[in-house]
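> Here's a sequence, model it:
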Amino acid sequence: MKDTDLINNLFIRTYDSQMNGHTHDYHQILMPLMGDISMIIGDQAINVSYGEALVIRKGVYHQFQAREDFRFLVANIENIDFLQLSLDEIHFAMDEKTLLYISFIEKQLISAHNQKIEVMMFELLKELLGTIKMSKRLDTRLTTVVHILQTNIATNHTVKSLAKIACLSESQFKVLFKEHLGCTPNTYITDLRMQAALGLILNTDTPITIVAERCGY
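Numbers count the residues shown, from 1 in each chain. Sure, this is the predicted structure:
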């Protein structure tokens, strides 16, 4: 494969259990599809897990290590200005719709080669990544909580039940949640439900009673 074929393209990659390293003359966005990867960039050790993305800037030497059965989506990109990252920002959490989309990309890449579709997938991925609010990466104790909230909005969640998942006291959980997500758990749940309900009302013909049931009202 020519070097030019590597740029502005998407690939499924696996890595070695031995620590390896290199540089490349294009930017790279690495997104775990299954498992996690240990990275060393400069003097910084970073562990990147499913639900997160890592930006590796061109010309930066980096080392990597992962189990050989873990899979990663890699986007080789000529220009990353669309991400609006500061120089020290390279590691961020992805939102639910982008995670769903990269699952689709994985299925397409491993099932067939269609250059036209792959170009469109690449461009849409850039658009989705460009809409993600680059905020402080979630504390690992909140990652599972947020995933549960986003995938089970109809469930009657309580601060007590969510704090238990995070292995925190209720008061510790509320402080940590507000610090990372900028609102209380109840406000976050309400916003999720309102967004889901709005999408169903505007984009489907689902009866209002069913919309309310699916969104926890």
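> Can you list the strands that the host helix or strand of residue 47 pairs with?
Residue 47 is part of strand 44-49, with elements assigned from DSSP states H and E. With DSSP bridges as the test, strand 44-49 is paired with strand 36-41 (antiparallel).
> ok, residues contacting the partner strand?
Contact with strand 36-41 is made by 15, 19, 21, 30, 45-50, 54, 56, 60-66, 70, 72, 90, as judged by Cβ atoms under 8 Å, 6 or more residues apart in numbering. For the C-beta atoms, the positions are set from N, CA and C on the backbone; glycine is no exception.
> From those residues, list just the buried residues.
15, 30, 46, 48, 50, 54, 56, 62, 64, 66, 70, 72, 90 (16 or more other Cβ atoms under 10 Å).
> pLDDT wise, what is the residue nearest to residue 8 when sequence neighbours are not counted at?
With Cβ to Cβ, 6 or more residues apart in numbering as the criterion, residue 8 has its nearest non-adjacent residue at 5.8 Å, and that residue is residue 78. Residue 78 carries a pLDDT score of 91 in this model.
> and the gap between the spatially most central residue of the chain and residue 102?
For the chain, the residue nearest the mean C-alpha position is residue 94 (2.5 Å; Cα atoms, centre = their mean). Distance of residue 94 to residue 102, given as Cβ to Cβ, to the nearest Å: 8 Å.
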